[in-house]
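Asker: Show me how the following folds:
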Amino acid sequence: MPRSIGAGLAIVVPQAVGDLAESFARECDPKFRLERPDRQAFEGALVKLGIERSDAERLAQTSGRSWSVIRRHHATNPAIYQPTWLTNEQAWALSTLCLVGSWNSNTKEDQKIVARIAGRPYEEIERALAGLATLDDSPVLRIGNI
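Answerer: Next up is the predicted model:
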């Protein structure tokens, strides 16, 4: 018999502005939300890690307050410093993702716009991004049809 969502299970929903997940997150108990820290909190955490205040200010601004960006920036291991998706043959699709941001894969109009911007068939873009999403530390995230 299937268990209900509330029966001792936890759901983690990655969230970014504009995601459909945003409305779901609003319904969740606020004590369970893991939101990106504000700039001052992020700077403070970097300083506590031993980074000079001026460097912490710069890193907080240039990293988008992303711990994975900070991790990559300070890595000595080449596999972390230069992730596999960076040199993957499907990385060409990231430029389209950066330009468009997000879209609804079930909307034909969105598909046409994305294909036109990329200058490639929509199915090719979806395949490339799906391949990138399977790699470690992927820059691609799919939530439902978004």
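
Asker: Just checking, which helix or strand succeeds the lowest-mean-pLDDT helix or strand in the chain along the chain?
Answerer: The weakest-scoring helix or strand in the chain, judged by mean pLDDT, DSSP states H and E, is helix 21-27 (a mean of 57). As assigned by DSSP states H and E, the chain's next helix or strand after helix 21-27 is helix 39-48.

Asker: So which bits of that following helix are buried?
Answerer: 42, 43, 45, 46 (16 or more other Cβ atoms under 10 Å). To be clear about C-beta, it is placed using only N, CA and C from the backbone, and glycine gets the same treatment.

Asker: Show residues contacting it.
Answerer: Applying Cβ atoms under 8 Å, 6 or more residues apart in numbering, the external contacts of helix 39-48 come out as 37, 53, 55, 56, 57, 59, 60, 61, 65, 70.

Asker: Send over it as PDB, restricted to the C-alpha atoms.
Answerer: What follows is helix 39-48, C-alpha atoms only, in PDB (Å, rounded to 0.1, in the frame of the first residue of the first chain):
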ATOM      1  CA  ARG A  39      24.600  38.600   0.800                       C
ATOM      2  CA  GLN A  40      25.600  39.700   4.300                       C
ATOM      3  CA  ALA A  41      25.000  36.200   5.800                       C
ATOM      4  CA  PHE A  42      27.000  34.600   3.000                       C
ATOM      5  CA  GLU A  43      29.900  37.100   3.400                       C
ATOM      6  CA  GLY A  44      29.900  36.400   7.200                       C
ATOM      7  CA  ALA A  45      30.100  32.600   6.600                       C
ATOM      8  CA  LEU A  46      33.000  33.100   4.200                       C
ATOM      9  CA  VAL A  47      34.800  35.200   6.800                       C
ATOM     10  CA  LYS A  48      34.200  32.500   9.500                       C
END
